[in-house]
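*Asks:* Need coordinates for the below:
(one chain, ligands or ions: 2)
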Amino acid sequence: VCQQSLGAALMNEQAGSVELSIVIPAFNEAEGLQGLVDGIQRVLAGLSLAGYELILVDDGSQDPTWSTIESMNQASDQVRGIALARNFGKEAAVLAGLEASQGQAVLVMDGDGQHPPERIPQFIEAWRAGADLVEGVKTSRSDQSWLSRLASRLFNRAFSRMTGVDLNEASDFRLLSRPAVDALLALPERAFFFRGLSSWMGYPTARVEFETAARTSGRSKFSTWSLARY
Ligand code: UDP
Ligand code: MG
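*Replies:* Ligands and ions are numbered 1, 2, ... in the order given. Below you'll find the predicted structure:
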C-alpha cells in the first residue's frame, strides 16, 4: 500500500529513455541514504547510459528517511520516491519499486551501503552482453556472526532441497532485464521472495562478485523472527 509517490509524472514523459532503474528499499536509513545516492550518481555519471532513475522506497520508516528522499527528489530529476503506508518488510518494498520501475534493466540494492556502487558497471556490462539476470554474489560473510552464518546455511540448504534453486552466497544485489522484471511481476505469488523467485525463473544468468561492505550507519533491520518467517 503506497501512501505517497514523487517524480512519477515527470518520469513518465521520459519513460522510453530510461535505460537503468535502481530500486532501493529503505527502512530507517536516513543517515546514510544521501551518501549512498551521491556515490551511485558519481558512478553512473561515468557510464554511457541513455537515462536512469533511482527509486527510493521508504518502507514505513520512523526516522527522517522520507524527508531525506523528498529533498533528494527536489535536487535531482533522476530521484523518485515511494512511501509505503507502514513498514511492510523489505520484500514488499522491493516489489513496490519493481512495479514502479521503467528501465530496460532494473538493479536492486540495499540502502545501507552494504552493496558497493563501484560494482554497478559490471552488472550493466553483463546485462548488455545478454544476461537477463545478473546476480551479485557475496565473496565473504564477514559481516555476520557465526550463528547468523549457520542460520543462512541451514536456510539455503533447505531452500535448495525444496526448489532446486541454489541460493548459497546469493544476495538481493541483482539486476533483471525488463522481460525478467515483467515475468516476475506476472507470477501469482502471494508471498514475494525476490532472491528465490528471480533465480527460479531460469533466465540466462551472469554473476558479479562483491564484498559486503560495512553498514554506513545503524544496524540490521532484520529480527530473528522476521528471518524465521522466510
Ligand atoms: N529494509 C526494508 N524494510 C525492512 C527491513 C529492511 O526496506 O523491514 C531494507 C533496509 O533498509 C536495507 C535493506 O532492506 O536497505 C537490507 O536490510 P538490512 O541491512 O537491515 O539487512 P541485512 O543487511 O542485515 O541482511
Ligand atoms: Mg544490510
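
*Asks:* immediately after the helix or strand of the chain with the lowest mean pLDDT, which helix or strand?
*Replies:* Every helix and strand of the chain was ranked by mean pLDDT, DSSP states H and E. The lowest is helix 8-13, at a mean of 63. Once helix 8-13 ends, the next helix or strand along the chain (criterion: DSSP states H and E) is strand 20-26.

*Asks:* I'd like the distance from that following strand to the chain centre, please.
*Replies:* Its chain's average C-alpha position is 5 Å from that of strand 20-26, according to CA atoms, centre = their mean, to the nearest Å.

*Asks:* Flag every residue of this protein that's near ligand 1.
*Replies:* Residues of the chain lying near ligand 1 by CB under 6 Å from any ligand atom: 25-27, 29, 59, 87, 89-90, 93, 110-112, 114, 220-222. All C-beta spots, glycine's among them, are computed from the backbone N, C-alpha and C.

*Asks:* Would you confirm that residue 130 contacts residue 179?
*Replies:* No: Residue 130 is beyond contact range of residue 179, at 12.0 Å (criterion: CB atoms under 8 Å).

*Asks:* quick one on the thing from earlier: just flag the most distant two among the residues of the chain next to ligand 1.
*Replies:* 87 and 114 (19.4 Å; CB to CB).

*Asks:* List the buried residues of stretch 168-180.
*Replies:* Within stretch 168-180, the residues scored as buried using 16 or more other CB atoms under 10 Å are 169-177, 180.

*Asks:* Out of those, name the two that are farthest from one another.
*Replies:* Distance extremes for those: the farthest pair is 169 and 177 at 21.8 Å, using CB to CB.

*Asks:* Quick one: neighbours of the closest residue in space to residue 25 that isn't next to it in sequence, just the number.
*Replies:* Leaving out its chain neighbours, the residue that sits closest to residue 25 by CB to CB, 6 or more residues apart in numbering is residue 93, at 3.4 Å. Neighbour count of residue 93, defined by other CB atoms under 10 Å: 26.

*Asks:* So for the helix or strand where residue 93 lies, what gets flagged as buried?
*Replies:* In the assignment (DSSP H and E), residue 93 maps to helix 90-100. Neighbour-count burial for helix 90-100, with 16+ other CB under 10 Å as criterion, is recorded at 90-98, 100.

*Asks:* Whichever helix or strand comes after it and ligand 2, are they touching?
*Replies:* Sequence-wise, the next helix or strand downstream of helix 90-100 (DSSP H and E) is strand 105-108. No: judged by CB under 5 Å from the ion, strand 105-108 stays clear of ligand 2, getting no closer than 12.9 Å.

*Asks:* hang on, residue 47 packs against residue 125?
*Replies:* No: applying CB under 8 Å as the test, residue 47 and residue 125 come out as separate, 9.6 Å apart.

*Asks:* Sketch out the helices for the chain, chain order is fine.
*Replies:* Here the chain has its helices, by DSSP state H, at 8-13, 30-45, 65-75, 90-100, 120-128, 146-163, 178-186, 194-200, 224-229.
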